[in-house]
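[1] when you get a sec, could you give me coordinates for this:
(2 chains)
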Amino acid sequence: MQKVVLYTDFVSKLKEIFVKSSLDTIFYLPTTSYRYKKVVKEEDFYNIPFTSIRMIDPIKTFLFKHKENLVSQDIPYNQISTIYVVGVKSCDINALNVLNNMFITEEYVDPNYSYWQKKLFIISSDCPYPQENCFCSIIKGTPYPVSSFDINISFIDENNFILESGSEKGEEFLSTYFGDKDSPTKNDIEKRNNIRNLAVRKIKEFNKEYIEEKTSGMSQEVYYKIVSSFEQHQDIWKKESLSCVQCLGCNYICPSCYCFLIRENSNSYKEQFRDRVWDSCHSTGYGRVAGGANPRKFKFQRFRNRYLCKFVFRKENFGFYGCTGCGRCIEVCPAKIDMRKVIRNLVLSKGEQVLV
Amino acid sequence: MNIYQPKNFQIVKIIQETPNIKTFTLKPLNGDKFSFQTGQFIELTVYGVGEAPFTPSSSPYKTETIDVTIMRVGRMTEVLHSMKEGDIVGVRGPYGKGYPVEKFESEEVLILGGGVGMAPLRSLLLTLIENIKRYKKVVLCYGARTPQDIVYKHLFPEWRKVKGLEILRSVDKCEQGEWDETVGVVTCLLDKVNVNTTNCKAVVCGPPIMMKFSTLKLLDMGFKPENIYLSMERNMSCGLGKCGHCQIGSYFICKDGPVFTWEQLKNIPEPFE
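    Numbers count the residues shown, from 1 in each chain, chains lettered A, B, ... in the order given. Okay, the predicted model is just below:
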């Protein structure tokens, strides 16, 4: 279902839902400082930057907490009925596909993840003004969500939104609150698509250095195939990882990194307690086994593992890349390591051999 | 049932195998039976200390109790080794895919074990012994560092009596007069084995370095990559294919393994160490 809604109508409706709901409904809104803000008062709905790029906090922070109990009997916050997260971008939505595939499998459903997933109501929005570190459409994404949201906001002009439902929950939301609104006209859709296409072009422009010129017209598919064939080329990985200080920032800030460490802290078998914290494949001890053997002993191996995990292993598992092009790892890196540059350098150094 | 919550098991028996290896017999506290396939692993919890993966070394035909043979190498096993009969531990599992025993039928099977890597292989061996006539031939090659480091010393005399099972053992080093079998690393036993390498199935478990050189040697002897089964025992932490620690290439050892063929692993960078 699609509806055309005025910006002001939409915001005042959100405000109305907030005011009418009791403490069991939580709203998170995007801010101009790129952090989600938990709404505590009506005024918080003032000036929501819907067109901003993704927030710093990845969407996983709502589903897969940095630290959470695994076996304790009392589920925290069990009074919560719905968590509205507003302004989620497509890079985070795509990351959810990775997380969902990891945490909810046919065999084992992660209880914590699925608990939060049921509470979450995602109001995503298009990303008309991508920034220089964005590269979603370079790796098969788009700067606008296409599925896996409850409601998506796309833009016709400054004042008019198209609201689109992407789930049963979203359908219900839309018909309850905006059932009387018009469906978008052909003209509306065209205007919306123009804005979307402009964003795609912008991303291409920001990334032309990494894709088009230097790789001399190689298709994206070939581009990443070359990366995957680089597993054994130690020298190149050693060179690229030289400046990495293993701060683990890229892992923690990544919306699709899901690794965790279980910590057993029971007092006794009668009083069990264990929790989990985010873990990182860049840390030395990540793969180490008792006795000291370590399958990724050297920094370049761990550095390489992150790229292979995102671009090769998850592609083999799920058919799509683990990286969604959000650019957070580029921004967070104290050594200014840019994933796109690393890949370009790999391709270039391999290029000579490949093209011969 | 919470997938992260262990069930309580009681330690009912402890056997000191070597100076730093013990076999613990565990029994479900609530009297349940515990079923697993040979080669599958469990997550064993020492409450308040840690949780680690181990492969049961007992026969899957025995469901009242399970045996786990554990070397004292880290923080968790250190505490486990100080535990007494009657103490309570936690068990989750079984997880992963075991040895594809049905594929071994009517074939020659070569089992290659190093050190405490004999633990999962004992479970396999007991499974094979149960129906030994179904297999053309079973050969066990077992290597340990010294004669003192050999596990299951009390079981070998019994196994030697089994018809259709051939046993070769080696130690890396020993005092004079202490050992009358082969001296050398376990791969040197392979020179003495008489099997048809083009069809024989090989099962390898041991420390990473031993797995590496055994695989190379087996390939050299003419074994097919799809006939070499390796027990890749990494630091599986959740056991459910979620936490990521045991990833090897696009596989998760805990759910796709722990048993892999060399065919599956050969293109993965540095599979052993």
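[2] around chain B, pick out the residues from the stretch 51-200 of chain A.
    Contact residues, the stretch 51-200 of chain A versus chain B (Cβ under 8 Å from any Cβ of the partner chain): A:70, A:71, A:102, A:103, A:105, A:107, A:108, A:109, A:110, A:111. From N, CA and C alone the C-beta is placed, and that goes for glycine too.
[3] out of everything not next to it in sequence, what's closest to the second one?
    In this case it means residue A:71. residue B:5 (4.4 Å; Cβ to Cβ, 6 or more residues apart in numbering or on different chains).
[4] quick one on the thing from earlier: least confident pick among the residues of the stretch 51-200 of chain A next to chain B?
    pLDDT across these is lowest for residue A:71, at 82.
[5] low-confidence ranges in the chain?
    Because you didn't say which chain, this covers chain A. A:72-78, A:211-233, A:350-356 (pLDDT under 70).
[6] meant chain B, my bad for not saying
    B:273.
[7] which one is the residue nearest the centre of it nearest to, not counting chain neighbours?
    Geometric centre of chain B, nearest residue: residue B:120, 2.1 Å, by Cα atoms, centre = their mean. Once flanking residues are discounted, residue B:120 sits nearest to residue B:55: 3.7 Å by Cβ to Cβ, 6+ apart.
[8] isn't the one you found up against residue B:233?
    Yes - with contact defined as Cβ atoms under 8 Å, residue B:55 reaches residue B:233; the gap is 7.0 Å.
[9] comparing those two, which shows the higher neighbour count?
    residue B:55 (28 against 24; other Cβ atoms under 10 Å in any protein chain shown).
[10] show the contacting residues for that one.
    Contacts for residue B:55 (Cβ atoms under 8 Å, 6 or more residues apart in numbering or on different chains) come out as B:39, B:40, B:41, B:42, B:68, B:119, B:120, B:123, B:231, B:233, B:258.
[11] and residue A:309, by the same measure?
    Residue A:309 makes contact with A:281, A:322, B:247, according to Cβ under 8 Å, 6+ apart.
[12] on that earlier part again, and which of the contacts of residue B:55 is nearest residue A:274?
    Among the contacts of residue B:55, residue B:42 lies closest to residue A:274 (Cβ to Cβ), at 16.2 Å.
[13] quick one: the residue nearest to that closest one when sequence neighbours are not counted and chain A, what's the gap?
    Leaving out its chain neighbours, the residue that sits closest to residue B:42 by Cβ to Cβ, 6+ apart is residue B:93, at 3.7 Å. Computed with Cβ to the nearest Cβ, to the nearest Å, the distance linking residue B:93 and chain A is 12 Å.
[14] now render the contacts of residue A:309 as a markdown table, adding distance to residue B:272 and secondary structure.
    Converted to a markdown table, these look like this (distance: Cβ to Cβ, whole Å; DSSP: H, G, I helix; E, B strand; the rest coil):
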| residue | distance to residue B:272 | secondary structure |
| --- | --- | --- |
| A:281 | 18 | coil |
| A:322 | 25 | coil |
| B:247 | 15 | strand |
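[15] narrow these to just the buried residues.
    Buried by 16 or more other Cβ atoms under 10 Å in any protein chain shown: A:281, A:322, B:247, out of those.
[16] interface residues of the stretch 201-350 of chain A facing chain B?
    Contact residues (Cβ under 8 Å from any Cβ) of the stretch 201-350 of chain A with chain B: A:231-232, A:258-262, A:264-269, A:272, A:274, A:276, A:279, A:281, A:286-291, A:293-297, A:301, A:304, A:308-309, A:312-314, A:316-317.
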